[in-house]
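>>> Pasting the sequence and the predicted model now:
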Amino acid sequence: MGSHFFAMISRMKYIERWALMRNSEKENISEHSLEVAMIAHALAVLGNRRLGRSYDADRAALIGIYHDANEIITGDMPTPVKYYSNEMQTLFHGIEDRAAESLIRLLPEDMRDVYEEIFFPAGDDEPLKRLVKAADKISALIKCIEESKAGNREFDHARTTIEASIERMDVPEANLFLSEFLPSYEKTLDEISR
C-alpha cells in the first residue's frame, strides 16, 4: 500500500502567496517555508549563542518547513479575510487544523505520531512555535522589502503592519535578526557581494 503524503507535500510549490496583492515576483508556500525554516533555525541559534537559551535549532527548522503545509488544502487565505474578526480567525484555525489532520492521515500509521508532533507542536515545542511564528513574520517582511526594491508600492502598508506585529511579539531573537541581518535585504547584489 502506498502513501500520498509526500506527493501532496510536493504540491506546496503550486500554492501562491499574497493572492490579493500585485506581485513583481511570485512566491509559493514551498519557497516561503524554506525561508521560514532557515530563519527559525537562525533565531534558535541566536537565542542559544547570545541569550543563553537551549533551543533545538534543527527542530525549529523542521517545524518551519511544515508550518504552512495545510495550505495545500486551504490555500493561502489573505490576511484581511483570515483576521477579519475573532470568529473568522477561530473558524479558520479550525479549518487549518482539519487540513493538517487530513494530510497526516495520508501517512502510514507507524509514521503519523512523528508528523503530528511537527504539525501540532506542543509542550516543550511551545518556545519553538514562537520562533517559527516570528520567522514567518520576518519572511513576510523580507517579501515586502523585495517588492519595494522592485518599485512595487503595493506592499508598503503590509510592511508597516508586519514590522509592528513583530515588535508586538517581543521576541528578542527576532530583534537580533532584524538588527543584524535585515539591513542586507535592502542592498543590491553588488553591495552585499563586496
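Looks like it came in fine.

>>> Can you give me the distance of the spatially closest residue to I95 that is not a sequence neighbour to G94?
Excluding its sequence neighbours, the residue lying closest to I95 (Cβ to Cβ, 6 or more residues apart in numbering) is T74, at 5.9 Å. C-beta: built from backbone N, CA, C; applies to glycine. T74 is 11 Å from G94, where distance means Cβ to Cβ, to the nearest Å.

>>> and if you look at E116?
17 Å.

>>> So these two - more neighbours on which side?
Neighbours per residue (other Cβ atoms under 10 Å) separate E116 from G94, with E116 holding more: 15 against 10.

>>> how much distance is there from stretch 10-24 to the middle of the chain?
Remark: stretch 10-24 is offset 13 Å from the chain centroid, using Cα atoms, centre = their mean, to the nearest Å.

>>> Report the mean per-residue pLDDT for it.
Here stretch 10-24 scores 93 as its mean pLDDT.

>>> mind checking the end-to-end distance for it?
Taking Cα to Cα, to the nearest Å, stretch 10-24 runs 24 Å from one end to the other.

>>> Quick check: buried residues in stretch 37-52?
Of the residues in stretch 37-52, A37, I39, A40, H41, A42, L43, A44, V45, L46, G47 count as buried by neighbour count, 16 or more other Cβ atoms under 10 Å.

>>> Just after whichever strand or helix holds G47, pick out the following helix or strand.
In this assignment (DSSP states H and E), G47 forms part of helix 29-50. Next along the chain after helix 29-50, taking DSSP H and E as the criterion, comes helix 57-66.

>>> Can you name every helix or strand that that next one contacts?
Packing contacts for helix 57-66, counted by 3 or more Cβ pairs under 8 Å, 6 or more residues apart in numbering; DSSP states H and E, involve helix 29-50, helix 109-119, helix 126-149.

>>> before we move on, the earlier item: which residues are in contact with the residue nearest to I95?
F92, I95, E96, A99 (Cβ atoms under 8 Å, 6 or more residues apart in numbering).

>>> Any idea how many residues pack against T90?
Neighbourhood size, T90 [other Cβ under 10 Å]: 10.

>>> before we move on, the earlier item: now render the helices and strands packed on helix 57-66 as a markdown table, adding mean pLDDT and distance to D156.
Compiled in a markdown table, the helices and strands packed on helix 57-66 are given as follows (pLDDT from 0 to 100; distance: least, Cβ to Cβ, whole Å):
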| stretch | mean pLDDT | distance to D156 |
| --- | --- | --- |
| helix 29-50 | 98 | 20 |
| helix 109-119 | 97 | 34 |
| helix 126-149 | 97 | 7 |
